[in-house]
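[1] here is my input, please return the structure:
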Amino acid sequence: MKRIGVVLVFLLAYYGSFVASQEQAGPNVVFIISDQHKLDALGCYGDEMAITPNIDKLAEEGVRLTNCYTPAPVCAPARAAMMTGMYPAANGAPYHKAPVVGNDGKIKDVGTGRLRETGYYEELTTLAQVFRQNGYATGSPGKMHTHGELQTDVDPAMPEGNDMGFDEVSVRYYTHFPGGHYEDEVGTDTYQRYRVFEKYNSYRKAGYYLNTVYKPTLVKKDEENFDMVVTKKAVEFIDDRANDNKNFFLHVGLEKPHPPFTTTKKYLDMYDPDDFELPDNANAWYGVGKYPWLPDWIHNGLPQNPQEAKNAMASYYACVTEVDDMVGRIVNRLKENGLYDNTVIIYTTDHGEHLFEHGLRGKHCMLEDAVNIPFIISFPEMMPQNEVNESLVSLIDMMPTFCDLMGWDVPETAQGKSVLPFLKNGYDEKDRKIFAEFRGGNYNAFPEMKNLPSRMLRTGDLKFIYTHGMANQLYHVVEDPDEENNLAFEMSHYEKMRDLCFQTIAGWEPQEYHLMKTSLTNKTINWDSYDNVEEYVVYYSETADPESAVVYQEGITETFLTLSRDGYYWVMAVPGFSRTAKRTGNIPVFREEYTLKLPVSGKICVQRNI
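    Numbering: from 1, shown residues only. Purely as a prediction, here's the structure:
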């Protein structure tokens with residue numbers, strides 16, 4: 001018995017040290033992010049048309065989130081937000097193309113990978129840096145498209161470049177990255193064939209961009225298409241880690257189903273365009289008028305030609321199946337190398353795609369098809385399997401979630417929160433406030449504005465959308481999933497709309513715009529007047545967090561207010577509108593003149609008894 005006891009103690013000690021070492025090392029992470037994947041276009045999200053067995057299998061072995069939101073409905077700012085754990089206006093990278101004043105004094109738009117000054121703030125820690133600082137090997141084949149990443153010797157101000165925390169980088173796309181670009185892997189001709197541009201630009205005009213002609217990619221060799229090259233690099237990285245036994249964080253940036261909606265004949269042959277039906281609201285704006293608070297160009301005429309629209313839809317789904325096939329290759333390689341059981345696998349995308357919902361295509365707005373994205377996480381060793389979670393989640397939650405999973409400190413700059421408790425314990429958190437931001441142009445109301453800001457708040461079953469200079473939007477996304485009934489136009493919802501507007505814009509200061517100015521004299525706040533205002537409202541909180549603020553006084557018509565308690569105050573103007581739009585009839589939805597002043601102040605601190 002004594003010997004058995006000694007052996008048992010030894011085995012327990014050995015097992016304990018093994019578990020401790022495993023816990024110290026932590027699991028591997030494979031983070032697969034596609035581009036422009038519509039939430040509904042997956043079998044596991046209920047779409048019977050989508051052929052996605054590999055992603056569906058991930059959902060069976062993990063948790064599928066139904067209310068994950070992008071921080072921005074356009075590529076570059078969404079990806080910078082995910083990598084920094086911060087919303088675009090806060091991390092300094094809110095633009096898809098950043099406006100830069102040239103030596104001639106003119107503003108030009110600069111794409112990613114060219115200037116460090118146009119990127120996220122240098123003092124910020126990225127998700128990959130968190131992993132590398134904790135001993136992980138890090139790799140990122142494929143699309144990153146983040147303002148702030150730099151190849152060496154590109155920007156004279158930072159000749160060493162900025163690897164964002166990745167040890168291995170390859171096959172960049174939509175990013176200036178000489179030596180490590182997709183074009184460097186496959187050659188200029190194949191690159192241009194894939195993009196359908198430059199000497200192949202005529203094919204765009206012939207219907208190849210949305211693939212309304214339902215033809216395969218111009219790329220001659222199937223395995224030279226972008227996603228195939230990226231996946232090849234990803235499985236090579238996995239093989240290397242199997243050989244050196246290093247824990248790893250692998251970011252895989254796939255490009256489909258982003259247009260051009262061209263893929264190989266193999267995937268096109270899996271679908272028949274005639275099996276597709278246009279969305280019920282595909283003609284939502286024809287004859288009624290375009291949506292006044294959306295960029296004009298995303299209204300698309302294809303539903304007027306149903307066959308071309310069906311061809312585009314089938315092409316999009318074929319691109320989705322291509323992505324699914326690449327996910328399968330990556331998961332299979334993990335299994336072949338014995339790494340699957342100790343690897344967290346995530347599949348998500350940067351933003352959605354309308355695909356003719358509302359008669360729209362692309363993204364560039366705050367409707368659900370653009371901002372609500374698929375998110376699947378699989379790690380059977382720790383998390384439930386085949387579970388659906390309705391918690392409100394953002395891509396900026398990735399950094400704190402991984403830190404929570406690994407037991408690491410979360411960088412102080414991170415604005416998200418860990419969603420691990422929701423996922424592990426199977427409960428839904430829907431009372432959070434989740435935001436998304438967009439800077440865009442081509443609004444009919446203000447055609448001169450290139451980077452007009454908008455911001456969305458989702459909390460509970462409500463979504464509020466602020467678009468600067470235009471009427472607010474408020475939708476009950478459960479009762480009104482098509483977001484056709486703007487409750488902001490109903491007086492019965494006025495106070496709810498007003499207070500959600502405050503929660504959306506308080507503490508938000510998009511670049512180029514400024515807050516209402518205030519001053520505090522003795523017991524009185526004074527503030528700027530705002531043109532054509534319905535009322536001023538003063539909000540109060542005992543803390544500096546505007547999320548905890550409540551109405552202190554409403555219905556104010558003057559530009560001052562005497563206070564009665566210590567704490568923090570904000571002033572918000574409720575602007576009036578004077579110009580109408582075809583779609584809204586007699587309801588005014590536009591301000592008469594545009595302004596760079598936001599209808600809210602910064603916080604005003606009163607720290608004494610008055």
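[2] quick one: contacts for the closest residue to residue 337 other than its chain neighbours?
    Nearest non-adjacent residue to residue 337, counting by CB to CB, 6 or more residues apart in numbering: residue 242, 3.7 Å away. Where C-beta positions appear, they are placed from N, C-alpha and C, glycine not excepted. Listed by CB atoms under 8 Å, 6 or more residues apart in numbering, the contact partners of residue 242 are 337, 338, 339.
[3] most neighbours among those residues, which one?
    residue 339 (19 neighbours; other CB atoms under 10 Å).
[4] got any ranges where the stretch 501-610 of the chain has weak pLDDT?
    Residues of the stretch 501-610 of the chain that meet the criterion pLDDT under 70 lie in 608-610.
[5] strands along that one, start to end?
    514-516, 518-521, 524-527, 533-541, 550-556, 560-562, 567-575, 597-601, 604-606 (DSSP state E, counting those that start in this stretch).
[6] what lies in contact with the fourth one?
    Yep, that's strand 533-541 we're talking about. Strand 533-541 is contacted by residues 498, 502, 506, 525, 527, 530, 546, 548-559, 561, 565, 567-576, 599 when judged by CB under 8 Å, 6+ apart.
[7] now residue 196: how far from residue 585?
    Per CB to CB, to the nearest Å, residue 196 is found 41 Å from residue 585.
[8] list the buried residues for the helix or strand containing the residue nearest to residue 337?
    Here residue 242, judged by DSSP states H and E, is contained in helix 226-244. Neighbour counts using 16 or more other CB atoms under 10 Å place 226-235, 237-238, 241-242 of helix 226-244 among the buried residues.
[9] CA atoms only: put that helix into CSV for me.
    C-alpha atoms of helix 226-244 as CSV (Å, rounded to 0.1, in the frame of the first residue of the first chain):
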residue,chain,number,x,y,z
PHE,A,226,-5.9,34.4,-54.0
ASP,A,227,-7.6,32.3,-51.4
MET,A,228,-5.8,29.1,-52.6
VAL,A,229,-2.4,30.8,-52.3
VAL,A,230,-3.3,32.1,-48.8
THR,A,231,-4.4,28.7,-47.7
LYS,A,232,-1.3,27.1,-49.0
LYS,A,233,0.8,29.5,-46.8
ALA,A,234,-1.5,28.9,-43.8
VAL,A,235,-1.1,25.1,-43.9
GLU,A,236,2.7,25.5,-44.4
PHE,A,237,2.7,27.6,-41.2
ILE,A,238,0.8,24.9,-39.4
ASP,A,239,3.2,22.2,-40.6
ASP,A,240,6.2,24.3,-39.3
ARG,A,241,4.6,24.6,-35.9
ALA,A,242,3.9,20.9,-35.8
ASN,A,243,7.6,20.4,-36.4
ASP,A,244,8.9,23.0,-33.9
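[10] next SSE downstream of that helix?
    Helix 226-244 is succeeded, C-terminally, by strand 248-257 (DSSP H and E).
[11] flag the shaky bits of the protein, pLDDT-wise.
    Checking the chain against pLDDT under 70 turns up 1-24, 608-610.
[12] got the contact list for stretch 404-411?
    23, 26-27, 85, 124-125, 130, 134, 344, 382, 399-400, 402-403, 418, 420.
[13] which of these ranks first by neighbour count?
    Ranked by neighbour count under the definition other CB under 10 Å, these are headed by residue 85 with 31 neighbours.
[14] residues touching that one, list them.
    Each residue near residue 85 by CB under 8 Å, 6+ apart is listed here: 127, 396, 397, 398, 399, 400, 411, 413, 414, 415, 416.
[15] can you flag the buried ones in these?
    Buried, going by 16+ other CB under 10 Å: 127, 396, 397, 398, 399, 400, 411, 414, 415, 416, out of these.
[16] now flag whichever of those residues is closest to residue 253.
    residue 127 (13.1 Å; CB to CB).
[17] all the strands of the stretch 301-450 of the chain, residue numbers only.
    343-349, 372-378, 387-394, 434-440.
[18] rewinding a little: the helix holding residue 242 versus strand 343-349: what angle between them?
    170 degrees (axes from the mean of the first three to the mean of the last three CA atoms, to 10 degrees).
[19] tell me how far residue 519 lies from residue 607.
    For residue 519 relative to residue 607 (CB to CB), the value is 16 Å.
[20] mind listing what the residue most central in space within the chain touches?
    Geometric centre of the chain, nearest residue: residue 70, 2.6 Å, by CA atoms, centre = their mean. By CB under 8 Å, 6+ apart, the contact set of residue 70 is 78, 349, 350, 351, 352, 370, 371, 373, 394, 395, 436.
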